[in-house]
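A.B. asks: pasting the sequence and the predicted model now:
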Amino acid sequence: MLKRGANHGGTVYKRGTGYEGQVTIAGQRRTFSGKTKTEVREKIRSAVSQAERGVLPPKEKLTVAVFLARWLEDVVEGEVGQRTAETYAYHVRCHIVPHLGASKLHTLRTVDVQRLYRTLSNSGLAPKTVKNVHGVLRKALNQALKWQLVPLNVALAATPPRAERREYTTYSATQIRQLWSSVAGTRWEAFLILAIKTGLRQGELLGLKWADLDLDAGGLQLRRQLQRDKTFQPTKGRRSRRLDLGTMEIVALREHRARQEDRRHGWGDEWAGEDLVFCTDKGRPLGWRDVARDFKILLNKAGLPEIRFHDMRHTNATLLLEQGIHPKVVQERLGHGDISVTLDTYSHVTPTMGKEAARKLDDLFGA
C-alpha cells in the first residue's frame with residue numbers, strides 16, 4: 001500500500017513556507033501539506049492507517065469509483081450469489097466507472113446519471129442492459145445513503161430507457177409429450193420431466209441432492225443451486241422453498257434413482273459420492289455447457305424446434321396459468337419475490353384467463 005518512506009513517513013520536502021509529503025495509497029499518489037515535517041508525516045500516517053483499516057476517504061475526496069469498489073467488496077459479495085455479484089462487478093467496471101468513476105460521490109447529480117444512460121444507449125447498448133446498469137447504480141447509491149455519504153439517491157430520479165418486452169418461446173403440451181417420449185428410459189427422462197413439471201432453473205435442478213427429496217411425501221426442498229463454475233450457492237432469494245411433486249415426477253425419480261444406483265455400484269470406489277440427483281456417470285456435478293449441448297441434441301432427436309433450456313421454465317408457467325392455476329401459486333412455485341414479476345412476465349397469458357373468468361361467471365348466472 002505504501003510505496004516509499006520509513007514508518008509510513010512517505011516523502012516529505014520543503015515547499016514554500018511549509019512542507020509537503022507524498023505517499024502512494026491503494027495505487028494512487030496522494031499529497032499532504034503542513035507547516036512542519038511532523039504535521040505532514042502525521043497526516044500521511046493517519047491516511048495510511050485509515051486505508052489499512054478500510055476507512056473510506058473523507059466525503060469531499062471520495063470518488064464514485066472508490067465507493068463502488070468498497071460496495072462490491074463489503075456488501076455485494078456477502079449478500080448475493082456469485083453469478084449476481086459477477087454481473088454487478090461487470091456493470092461497474094465496464095459501464096459505470098469509465099463514465100462516472102472520477103466524479104466525487106457527494107457531487108453526483110441526477111443529470112450526470114441520466115447522461116450516463118444516454119451515452120450507453122448511443123453506444124449501442126441494449127435498453128435492457130442499460131436498465132440493468134440503472135438497477136446496479138440505484139442499489140449502490142442506496143447503500144451510500146445508508147452510510148450517510150450522500151444526502152439522497154440521485155439515481156431514483158433518473159429514467160433508464162424502456163426495455164422491449166421479450167417474447168418467450170414455449171412448447172405446447174403435445175410437444176412436451178413428444179419430448180418426454182423421445183427420452184423415455186434414459187438419464188434425461190426424470191430431468192426433463194422435473195424441468196417442465198416444477199419450472200426449476202437449470203442451476204437449481206443441477207444442485208438437487210437426494211436428501212432434498214421426500215418421494216413418499218411427494219415433496220422437494222430447494223436449498224442450493226449449481227453455478228457455472230461447479231460450485232454450490234444458496235438458491236435465488238437465499239432461502240429454501242418447498243415444492244409439491246406429482247405422480248409423474250415421483251415415478252420418474254424412483255426409476256432414475258434405480259438406474260443411478262446401478263451406475264454407482266458399477267464404478268465402485270471411483271464414484272464421487274456427492275448425493276446429486278443429476279450428475280455425471282461418476283457422480284460428479286454436470287457442467288452447464290454439457291447440459292446445453294445435450295439438450296440441443298435431444299430436441300433435434302425429438303424433431304422439435306430449438307429453444308433455450310430456460311424456456312422450459314416459461315413453458316411451465318404458461319401451461320399452469322392457461323390451466324387456470326392462480327398466479328399466486330405460480331409465483332410461489334417459480335420462486336418470484338413478488339407476484340408483479342409473475343404477472344408482468346406472463347402478461348401474454350392473462351387475456352385468455354380474463355375471457356375464461358367472464359365465461360365462468362356467465363355460466364354461474366345462466367347467461
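C.D. replies: That came through fine.

A.B. asks: show residues contacting the strand or helix carrying residue 90.
C.D. replies: Using DSSP states H and E, residue 90 maps to helix 82-91. Residues outside helix 82-91 that contact it (CB atoms under 8 Å, 6 or more residues apart in numbering) are 72, 76-77, 80, 132-133, 136, 139, 227-229, 231, 233. C-betas here are computed from N, CA, C, even on glycine.

A.B. asks: tell me how far that helix lies from the chain's centre.
C.D. replies: 7 Å (CA atoms, centre = their mean, to the nearest Å).

A.B. asks: over to stretch 99-116?
C.D. replies: With CA atoms, centre = their mean, you get 25 Å for stretch 99-116.

A.B. asks: one step back: buried set for the helix holding residue 90?
C.D. replies: Of the residues in helix 82-91, 85, 88-89, 91 count as buried by neighbour count, 16 or more other CB atoms under 10 Å.

A.B. asks: same check, this time on stretch 261-272
C.D. replies: 264, 271.

A.B. asks: can you give me the end-to-end span of it?
C.D. replies: Using CA to CA, to the nearest Å, the end-to-end distance of stretch 261-272 comes to 13 Å.

A.B. asks: outside of that stretch, which residues touch it?
C.D. replies: Taking CB under 8 Å, 6+ apart as the rule, stretch 261-272 contacts 279-284.

A.B. asks: what bits of this protein have low per-residue confidence?
C.D. replies: Counting by pLDDT under 70, the low-confidence segments of the chain come to 1-10, 25-29, 48-57, 165-166, 236-239, 350-354, 367.

A.B. asks: how does it look with 50?
C.D. replies: 1-9 (pLDDT under 50).

A.B. asks: give the buried residues for stretch 22-41.
C.D. replies: Buried residues in stretch 22-41 (16+ other CB under 10 Å): 22-25, 30, 32, 34, 39-41.

A.B. asks: closest to residue 335 out of those?
C.D. replies: Nearest to residue 335 out of the buried residues of stretch 22-41 is residue 25 (CB to CB; 43.8 Å).

A.B. asks: which residues touch residue 215?
C.D. replies: By CB under 8 Å, 6+ apart, residue 215 lies in contact with 245, 250, 253-254.

A.B. asks: ignore the last one, residue 278
C.D. replies: Listed by CB under 8 Å, 6+ apart, the contact set of residue 278 reads 190-191, 205-206, 208, 286.

A.B. asks: please check those residues and keep the buried ones.
C.D. replies: Neighbour-count burial (16+ other CB under 10 Å) is assigned, among the contacts of residue 278, to 190-191, 205-206, 208, 286.

A.B. asks: restricted to helices, list those residues.
C.D. replies: 190-191, 205-206 (DSSP state H).

A.B. asks: okay, these in CSV with distance to residue 298 next?
C.D. replies: Output for these, formatted as CSV (distance: CB to CB, whole Å):
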residue, distance to residue 298
190, 13
191, 10
205, 15
206, 16
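
A.B. asks: how many residues are close by residue 114?
C.D. replies: For residue 114, the count of nearby residues is 16 (other CB atoms under 10 Å).

A.B. asks: I meant to write residue 125 there.
C.D. replies: Residue 125, neighbours per other CB under 10 Å, totals 17.

A.B. asks: wait, doesn't it sit right on residue 95?
C.D. replies: Yes. Residue 125 is in contact with residue 95 according to CB atoms under 8 Å; the separation is 7.4 Å.

A.B. asks: intersection of neighbour lists for those two?
C.D. replies: residue 133.

A.B. asks: of the contacts of residue 278, which is the nearest to residue 47?
C.D. replies: Distance to residue 47 across the contacts of residue 278 (CB to CB) is lowest for residue 206, with 47.7 Å.

A.B. asks: now do the contacts for that closest one.
C.D. replies: Taking CB under 8 Å, 6+ apart, one finds 225-226, 276, 278, 285-286, 288, 291 in contact with residue 206.

A.B. asks: ok, residue 114 next?
C.D. replies: Contact analysis of residue 114 by CB under 8 Å, 6+ apart lists 158-159.

A.B. asks: try it again with 7 Å
C.D. replies: Contacts here follow CB atoms under 7 Å, 6 or more residues apart in numbering; on that basis residue 114 touches residue 158.
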